[in-house]
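1. Any chance you can model this:
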Amino acid sequence: MQIENVNRMTIKGVVMGEAMFMEARELTPSNYKFASRLEEMMVFKNARDSYIAKMSAHAEQNEILQAQIEMARDNELVTKIVTKINKGKNAQVALKEAETEVVSMLLEVDDEYIKERSTDIRDICKGLMCTLKNIPLNTFDDCPKGTILVAKELMPTDLTTINFENVVGFVTKKGGITGHLAILAKNMGVMGAVGVKNVFINSGDYIIIDSDGGKLIINPDDETKAYYEKKLKERTYEQEKIETNKSLDATTKDGRTMKVYANVTSVEGIGKAMKNGAVGVGLFRTEFLYARNKRRFPTEDEQTQVYIKAVKACKGGILTLRTLDIGGDKDLPYYKFEKEENPFLGRRGIRLSFHMEGIFVTQLRAMLKASAQGKIEILLPMITSVEEYRRAKELLGECKNQLRGEGVSFDEDIKLGVLIETPAAVFVAEELAEISDFFSIGTNDLTQYILAVDRGNENIAHMYDSLHPAVLRAIKIVIDAGKIHNRPVKMCGELASDARAIEMLIKMGLEEFSVAVASIAEIKHTIREVKL
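-> Numbers count the residues shown, from 1 in each chain. Below you'll find the model as predicted:
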């Protein structure tokens, strides 16, 4: 029996089963001749359209796959492929050569986010090559029940083609907990251990993944196996209970009712969130509106219609719209960002909104228009000072004046809040609480900035810890500032979904949690078990 401590798990729980090692499939291009460059161009475009159509079926509620679809539609990769076909290469050879060039270029950049994009490129090229060769995207169809996939690397699109009735989890040697594979797996509620580098697993080995205890157990002895079989049965029973009671209030045993909201990326995700027991949306990432359009920024009317659909889907609950949060680890297909040595410390979030004031005003007007149809709050990302908040509020006031002059209805009392995700915002939390309407704590970036740990860097991923005393003290400062000035405080970062932290956060005074859709029912259950 081999026991390894592993702290990079996608979701909480226990899975156990027989390992099936998946060798990476080498997709070698066929060096065939073709009659017409124009016809070969159509071969590629038809394959691309077919691949996009397949992925679109999975992408409605997933910003990672949405971004990959946009990259497959129109980016430097496609330009290179088209150029090579025009020079006489067939579609398969052109694709492989373009992939090699683009990936090599991305890996040379001294920026972890840009390097992460190389995985997306390889994932897209794998799908395009399979489509060109008319072969299945993967070979996971023959997995028996109770399989745990083991691979050097899995791609985000691999998860969309795995039969999770038979596959109970996965283990990969590459990847970090903030990588696209892990994020997608978490959103899908799939157990995975990523970045497990120094463990050797063979097909046929029996594996237990215990994310509650942070353990990966290979070929357990009978006693250990029996213990986890019992634990798994207990957890299965508990999961059934959680599912049955997901519509119940999140009320602690001593009678304190918490609010559990959802973090969503699209209108479609809201319906699932409400079915899972959310009281509303605590974080609506508006970036998907901007990312899904490959040519231009969305218009005011296009945004208004989406926000109206979103607030109506909340069925009377609050919809918290975060203003455009790009820069750092997010970009757009049609907007070229200035090169920055450290984009996480550069022009991102509210800073970029102020830089592109016209785009920001358009979004604020759309949010105001939609507020006539339901309860909407506006959340400002990357705020570091009182002056930034005041400037945003001033622009919001100007938008209100414009709409009044146009005879357009909106919520005159719409709330404008601050996403607390920088140490600076923590240190001026009391001053911000005096003038803002609410807080939402973004623990992902807050942890990164406080600990000086790049959450996308595999080499120091073990140092990224939202339960670090420094992070917890910062959270307490923010909650206390909200209490002093009677301002609601939500938490929308990953820590809000961590069952280990719930009781502690409630003791700190947190009353509002906004979590991934897949975590709503479990977090409500965890809250109901708390007794202070």
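2. Could you break the chain into its assigned domains?
-> What automatic domain parsing lists as the domains of the chain is 2-25+139-241, 37-133, 257-528.
3. ok, how many other residues are close to Leu416?
-> With neighbours defined by other C-beta atoms under 10 Å, the count for Leu416 comes to 19. (C-beta placed from N, C-alpha, C; glycine too.)
4. Equivalent analysis for Met258, please.
-> Met258, neighbours per other C-beta under 10 Å, totals 21.
5. Save the domains of the chain as a markdown table, and put in mean pLDDT and distance to Leu248 too.
-> Shown next, in a markdown table, are these (pLDDT from 0 to 100; distance: least, C-beta to C-beta, whole Å):
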| stretch | mean pLDDT | distance to Leu248 |
| --- | --- | --- |
| domain 2-25+139-241 | 85 | 11 |
| domain 37-133 | 84 | 25 |
| domain 257-528 | 91 | 7 |
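6. Between those, which one is closest to Ser247.
-> Ser247 sits nearest to domain 257-528 of all the domains of the chain, at 5.3 Å, using C-beta to C-beta.
7. Thought Leu368 was touching Cys399, still the case?
-> Yes - at 5.8 Å, Cys399 counts as touching Leu368 under the criterion of C-beta atoms under 8 Å.
8. ok, those two, which is more surrounded?
-> Neighbours around Cys399 and Leu368, counted as other C-beta under 10 Å, are more numerous at Leu368. The numbers are 24 against 21.
9. Surely that one and Phe410 touch.
-> Yes - contact criterion C-beta under 8 Å: Leu368 and Phe410 qualify, at 4.1 Å.
10. Please enumerate the shared neighbours of those two.
-> Lys400, Leu403 (C-beta atoms under 8 Å, 6 or more residues apart in numbering).
11. Please state the offset of the host helix or strand of Glu18 from the chain centre?
-> In this structure, Glu18 sits in strand 14-22 according to DSSP states H and E. Chain-centre distance of strand 14-22: 25 Å, with C-alpha atoms, centre = their mean, to the nearest Å.
12. Show me what that strand is packed against.
-> When contacts are defined as 3 or more C-beta pairs under 8 Å, 6 or more residues apart in numbering; DSSP states H and E, strand 14-22 sits against strand 147-151, strand 167-172, strand 206-210, helix 222-244.
13. Return the set of buried residues in the helix or strand containing Arg390.
-> If you go by DSSP H and E, Arg390 is part of helix 386-405. For helix 386-405, a neighbour-count test (16 or more other C-beta atoms under 10 Å) marks Val386, Glu388, Tyr389, Arg391, Ala392, Lys393, Leu395, Leu396, Cys399, Lys400, Leu403 as buried.
14. Out of the residues you listed, which is nearest to Gly358?
-> Nearest to Gly358 among the buried residues of helix 386-405 is Leu395, at 10.7 Å by C-beta to C-beta.
15. my guess is that closest one meets Met356, correct?
-> No - assessed by C-beta under 8 Å, Leu395 is found out of contact with Met356, at 12.0 Å.
16. For the stretch 151-300 of the chain, which segments count as helices?
-> Applying DSSP state H, counting those that start in this stretch to the stretch 151-300 of the chain gives helices spanning 156-159, 180-188, 222-244, 267-275, 287-291, 300-313.
17. so which of those helices is the most packed in?
-> Comparing the helices of the stretch 151-300 of the chain by mean neighbour count (mean count of other C-beta atoms under 10 Å), helix 156-159 comes out on top with a mean of 24.
18. Summarise which helices and strands that one is packed against.
-> In terms of contacts (3+ C-beta pairs under 8 Å, 6+ apart), helix 156-159 is packed against helix 63-73, helix 112-133, helix 180-188.
19. and if we set it to 6 Å?
-> helix 112-133, helix 180-188 (3 or more C-beta pairs under 6 Å, 6 or more residues apart in numbering; DSSP states H and E).
20. which residues sit against the first one?
-> With C-beta atoms under 6 Å, 6 or more residues apart in numbering as the test, helix 112-133 has contacts from 27, 47, 50-51, 68, 71-72, 91-92, 95, 99, 102-103, 106-107, 137, 155-157, 329, 454, 456-457.
21. Run through who's touching stretch 485-501.
-> So stretch 485-501 is in contact with 12, 263, 282-283, 433-434, 438-444, 466, 479, 482, 510, 512-516, 519, 526, going by C-beta under 6 Å, 6+ apart.
22. Distance of Met463 relative to Asn7?
-> Between Met463 and Asn7 the computed distance is 11 Å (C-beta to C-beta, to the nearest Å).
23. same deal with Glu388?
-> 35 Å.
24. ok, back up a step: hmm, which of the contacts of helix 112-133 are the buried ones?
-> Buried among the contacts of helix 112-133 by 16+ other C-beta under 10 Å: 27, 47, 51, 68, 71-72, 91-92, 95, 99, 102-103, 106, 137, 155-157, 329, 454, 456-457.
25. Of these, which belong to helices?
-> 47, 51, 68, 71-72, 91-92, 95, 99, 102-103, 106, 156-157 (DSSP state H).
26. Make a markdown table out of those and add distance to Val199.
-> Converted to a markdown table, those look like this (distance: C-beta to C-beta, whole Å):
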| residue | distance to Val199 |
| --- | --- |
| Ala47 | 37 |
| Tyr51 | 34 |
| Gln68 | 29 |
| Met71 | 32 |
| Ala72 | 34 |
| Ala91 | 39 |
| Gln92 | 36 |
| Leu95 | 34 |
| Glu99 | 29 |
| Val102 | 31 |
| Val103 | 26 |
| Leu106 | 28 |
| Pro156 | 23 |
| Thr157 | 25 |
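27. Please identify which of these is nearest to Asp210.
-> Using C-beta to C-beta, Pro156 is the member of those that lies nearest Asp210, at 24.7 Å.
28. quick one: contacts for that closest one?
-> Neighbours of Pro156 in contact, by C-beta under 6 Å, 6+ apart: Ile64, Asp123, His180, Leu181, Leu184.
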